[in-house]
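sequence-free structure coming up:
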């Protein structure tokens with residue numbers, strides 16, 4: 001771990017380019033995830049004193065880049081972020097369609113839609129095409 005956070009970002013970004021090729025959105029997310037992980041480890045080392053930086057370095061040197069566990073960890077959170085973004089987009093579109101067809105939805109309806117899962121949102125989106133009332137869409 002570098003002592004300077006800016007230096008850490010530079011090193012991690014350079015390593016990411018070497019390991020994964022040109023940077024893209026997923027690469028940027030992985031660099032951010034690594035920086036967060038470094039901050040957590042640094043805090044733990046400094047706050048608890050239960051492990052020193054040299055021990056952390058030794059452990060990290062034993063973990064080579066691309067180890068399946070780390071990829072799985074990072075990929076899991078990237079996938080969750082993408083799913084949440086898609087769900088928010090689906091809810092936003094459905095709310096817009098409801099407003100255009102039936103007028104502004106109540107706060108209760110807005111909350112119900114923004115909390116719904118993707119499958120339910122898609123079902124409601126299909127129903128809105130032929131529904132004559134908001135009640136027909138949501139039930």
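Done, it's in. Please read these numbers as outputs of a predicted model, since none were measured by experiment.

show me the shaky parts of this structure.
Filtered on pLDDT under 70, the chain yields the residue ranges 1-27, 60-74.

how does it look with 90?
The chain contains residues with pLDDT under 90 at 1-84.

which stretches in it count as helices?
Assigned by DSSP state H, the helices in the chain fall at 5-20, 25-48, 53-62, 68-102, 107-115, 118-127, 134-138.

taking helix 53-62 as reference, get the angle to the second one.
For the pair helix 25-48 and helix 53-62, the angle between their directions (axes from the mean of the first three to the mean of the last three CA atoms, to 10 degrees) equals 150 degrees.

so what secondary structure elements neighbour helix 25-48?
helix 5-20, helix 53-62, helix 68-102 (3 or more CB pairs under 8 Å, 6 or more residues apart in numbering; DSSP states H and E). All C-beta spots, glycine's among them, are computed from the backbone N, C-alpha and C.

kindly report the same for the fifth one.
Applying 3+ CB pairs under 8 Å, 6+ apart, we find helix 107-115 packed against helix 68-102, helix 134-138.

hmm, residue 119 and residue 87 touching each other?
No. Residue 87 is beyond contact range of residue 119, at 10.1 Å (criterion: CB atoms under 8 Å).

so what's the residue count around residue 86?
Residue 86: 12 surrounding residues under other CB atoms under 10 Å.

now the one 10 residues further on
Counted by other CB under 10 Å, the residues lying close to residue 96 total 10.

one more: residue 112?
15.

so how far is residue 36 from the residue lying closest to it once chain neighbours are set aside?
Using CB to CB, 6 or more residues apart in numbering and skipping the chain neighbours, the partner closest in space to residue 112 is residue 138 (7.1 Å). To residue 36, residue 138 is 38 Å away according to CB to CB, to the nearest Å.

neighbour count: those two, which is higher?
Neighbours were counted for residue 138 and for residue 36 using other CB under 10 Å; residue 138 has more, 19 against 11.
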